[in-house]
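Undergrad: sequence below, structure please.
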Amino acid sequence: MIKLNYPILVTSAITPPQDFSALAMQDANMRMATTKASIFFWVGLGVKEIVVVDSTLTRILNSDDQNMLKALGVFCEEISFKQDNDKVRELGLGFAEGNLIKFGVDNSRLISESGGFFKCTGKVFCRNFQNILNLIISKKLSNIFWQR
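TA: The predicted structure is shown next:
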């Protein structure tokens, strides 16, 4: 189990612009499934606070999901907005992801109260998170970036 001082921020765009060639995964059902899987992955690791930001006005978790999380002692804050698809097409995925993070930072009660967050896209599973967390703590790092 992982003990975090900050919530996990999961970003998503369940219904992205149609025929947007920059996205490998365009099917909304698959994007919903992988985003939910990411949330439940973090819950399975013992994370107690999760912020989900979606840029397509889509609710990820239904009431049964939220009730189950509540029973497990997990608070999952969901917030969303409607992205400008024309701008996303023009400026790309980095622009879209930046807007998701900015919206989360500006609008999440959990992030505001904690003063920080760990960021994960809804399509990535971090199997060695405990090692990364230990590195952050031992080296007193404020952020880490990986290159491909």
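Undergrad: direction included, what does the helix or strand bottoming out on mean pLDDT in the chain pair up with?
TA: When the helices and strands of the chain are scored by mean pLDDT, DSSP states H and E, strand 118-121 comes last with a mean of 78. Its sheet considered, strand 118-121 pairs with strand 8-12 (parallel) by DSSP bridges.
Undergrad: using CSV, list the CA coordinates for the helix or strand following the strand it pairs with.
TA: Toward the C-terminal end, the helix or strand that comes next after strand 8-12 (DSSP states H and E) is helix 28-44. What follows is helix 28-44, C-alpha atoms only, in CSV (Å, rounded to 0.1, in the frame of the first residue of the first chain):
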residue,chain,number,x,y,z
ALA,A,28,-14.9,6.7,-26.4
ASN,A,29,-15.8,3.3,-24.8
MET,A,30,-12.1,2.2,-24.7
ARG,A,31,-11.1,5.6,-23.4
MET,A,32,-13.7,5.3,-20.6
ALA,A,33,-12.6,1.8,-19.8
THR,A,34,-8.9,2.7,-19.5
THR,A,35,-9.6,5.8,-17.5
LYS,A,36,-11.8,3.8,-15.0
ALA,A,37,-9.1,1.1,-14.9
SER,A,38,-6.5,3.7,-14.0
ILE,A,39,-8.6,5.0,-11.2
PHE,A,40,-9.2,1.5,-9.8
PHE,A,41,-5.5,0.7,-10.2
TRP,A,42,-4.6,3.6,-7.9
VAL,A,43,-7.3,2.6,-5.4
GLY,A,44,-5.8,-0.9,-5.5
